[in-house]
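>>> My questions are about this predicted structure, shown below with the sequence.
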Amino acid sequence: MTFSLHGIGISGGYAIGRAQLYSHDRLEVPHYVLRKADIASEVARFDAAVAEARAECEQLRDHIPEGAPSELAAFLDLHALILADAMLSQVPKDLIRSTSCNAEWALAQQTEALLAQFDSIEDVYLRERRQDVKQVADKVLKALLGHPGHVPMKVSDEPTVLVAHDLSPSDMVIFKRHTYAGFITDLGGTTSHTAILARSLNISSVMALHNARALIQEGDVLIVDGIAGVVIVNPDELILEEYQLRQNQWRLEQQKLKRLKSSPSATLDGDGVELLGNIDLPQDVFEAQEENAAGIGLFRSEFLFMNRPDLPSEDEQFEAYRHVAAAMKGKPVVIRTLDVGADKSLAWLPDVSVNPALGLRAIRLCLAEPRIFIAQIRAILRASQYGQVRILIPMLASLGELDQALELIAQAKAELEREGQPFNPGIPIGGMIEIPAAALAAEWFARKLDFLSIGTNDLIQYTLAIDRTDDAVAHLYDPLHPAVLHLVAHTLKVGHRLKRPVSVCGEMAGDPKLTRLLLGMGLRSFSMHPAHLMAVKQQVMHSHVSSLTPLVAKLLRAGRPERIQAYLERINAL
Ligand code: PEP
Ligand code: MG
């Protein structure tokens, strides 16, 4: 039967392929065979899940409510002991190595074997501990299923669309290794990090479909329309032909855009516009080079910290940053310091905030864990020898935080100096403007910094009080809200007045429908996924800033959404 589902189109283009379901269901423990090269990371993923389960136990143990039965502490201690036992924390890793199976499967096999042994125990007390073992194993399994790196292997050579209830940003990093034609999820918002990563892959995807996972069957033929945000299930011949045609046209347009690669990025009035690339992992730098990016405007360094149970060492980070700096051959490389928390979780960082988006994330976490921050800054400073490296501090809200961060950077410099390690002492330091307080106080931040970068994804989230990952409020997430536009315009004005370069590195910068608006507001530096560089360049090359500026000024004075939309359409039609 043919039917369609409607959600949010995340990345453009069309995918046609067979559904591969991804399940979080306990009874459907996925089973697949790993490539040899993936075994070490699968073992690390298992360790990370055990670490997460342990952190959960510890967290509960430390927060036992007053008046709770005294057995609760003993019960949690017992769970911690079971978790530490090699039968549960070691044997599954041996199974992964010896049979090349995935971590969930190895754990399920070992749990079954353990539980069978309990059945033959005569002592009633000991036999009842069976339930505890099962609960602990379930905790680890839950961490494996619900967290980093569980994107299954693509099982067929045919074009395949992954259908999931939800995917995490760290899943998406693993997703990069597979060649799915597209993916769809029930949950997720437009600028969740999962969506951002999907866009960087430039494959068709639709999120917030609510019940796709329940309605779609394994092997169903799917059309994913990432532009309209529609998924058509088991289409008839006519619809299929229509979409095959659209898919071909889309590919042709993409090919045409590639011809702009070597054209200079300037408006019709001759204003040069800097188009930079956002990257997540060091290897993404090749895509930025391929699209002729003027530099890296945002290296989301936190992805180096994901899908592993431990922290990357200073040397490991140095290698990653050096690789990017050297590859960009003297073009600027802006490395953002660790921005974790909220929807980007790490194995060693149990999510204990009541509201993680407002909790100890990004620079707040780094200031609470100065050794982690200093190790990263040392690595960035050491890499500054190999290119035009800059430091970017995320999530600044108050000047006190900036002072502390600058103090720690000075400390890292002093350490390297004492050790005789070379680095660029004048490395530019910038701050992200992504909290309304920072935008309103941009002047004071700008005075202490070399440059600013506006993170519109979080700026919108915090200005409009809309969780960027929550599909229930995704329709309210509005880059054109007058409050958002005023905060962006104000920051640009401050940068202009104080002669501090300002760029935009949130998703607004990569949306060609907003290019002219941002140009008219005075923006001359856009940082986006390399996949969008050519579409934005095309807009830049066809824009006459002096004629669109008066209309942009009118748009900024308009309050009602329909008037703002009408002005935007006029600006884009010029
Ligand atoms: C932003 O908030 O706009 C930004 C670029 O940072 P991130 O999307 O990684 O939070
Ligand atoms: Mg941000």
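Perfect, I can see it now. Numbering: from 1, shown residues only. Ligands and ions are numbered 1, 2, ... in the order given.

>>> can you list the domain ranges for this protein.
Using automatic domain parsing, the domains assigned to the chain come out as 3-22+152-257, 37-145, 269-573.

>>> Mind checking what secondary structure K329 has?
Remark: K329 carries the secondary structure label coil [criterion: DSSP: H, G, I helix; E, B strand; the rest coil].

>>> What of G430?
Under three-state DSSP, G430 falls in the strand class.

>>> What about it, how many residues nearby?
Residues within reach of G430, counting by other CB atoms under 10 Å, total 22. C-beta coordinates here come from the backbone N, C-alpha and C atoms, glycine included.

>>> related to what we said a few turns ago, which stretch in the domains of the chain is the model least sure about?
Set side by side, the domains of the chain differ in mean pLDDT, and domain 37-145 is lowest with a mean of 83.

>>> what about it, start to end distance?
By CA to CA, to the nearest Å, the extent of domain 37-145 from end to end equals 21 Å.

>>> Distance from the chain centre to that domain, please.
Taking CA atoms, centre = their mean, to the nearest Å, the mean C-alpha location of domain 37-145 is offset from the chain mean by 29 Å.

>>> Could you do stretch 1-9 as well?
Taking the mean of its C-alpha atoms, stretch 1-9 sits 25 Å from the chain's own mean (CA atoms, centre = their mean).

>>> Go through that stretch and flag the buried ones.
Burial within stretch 1-9, assessed by neighbour count using 16 or more other CB atoms under 10 Å, is assigned to 5, 7-9.

>>> Need those in a markdown table (columns: distance to ligand 2).
What follows is the buried residues of stretch 1-9, written out as a markdown table (distance: CB to the ion, whole Å):
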| residue | distance to ligand 2 |
| --- | --- |
| L5 | 30 |
| G7 | 23 |
| I8 | 19 |
| G9 | 22 |
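
>>> what residues are up against S205?
In this structure, S205 makes contact with 10-11, 15, 182-185, 195, 198, 224, 226, judged by CB atoms under 8 Å, 6 or more residues apart in numbering.

>>> For ligand 1, state which of the buried residues of stretch 1-9 is nearest.
Minimum distance to ligand 1 across these is 16.4 Å, recorded for I8 (CB to the nearest ligand atom).

>>> The closest one is in contact with L187, isn't it?
No. Here I8 lies out of contact with L187, judged by CB atoms under 8 Å, at a distance of 10.6 Å.

>>> so what's in contact with the two at the same time?
Common neighbours of I8 and L187 (CB under 8 Å, 6+ apart) are 207-208, 471.

>>> If you rank these by neighbours, which is first?
Per-residue neighbour counts (other CB under 10 Å) across the shared contacts of I8 and L187 peak at M207, which has 30 neighbours.

>>> That one: what's it in contact with?
Residues near M207 by CB under 8 Å, 6+ apart: 7-8, 10, 184-185, 187-190, 192, 194-195, 198, 471.

>>> what does stretch 291-299 contact?
Counting by CB under 8 Å, 6+ apart, stretch 291-299 makes contact with 261-262, 265, 274-280, 285, 288, 321, 324, 328, 331-336, 388, 392, 453, 503, 505, 525-528, 530-531, 533-534, all of which sit outside it.

>>> Fine, thanks again, bye for now.
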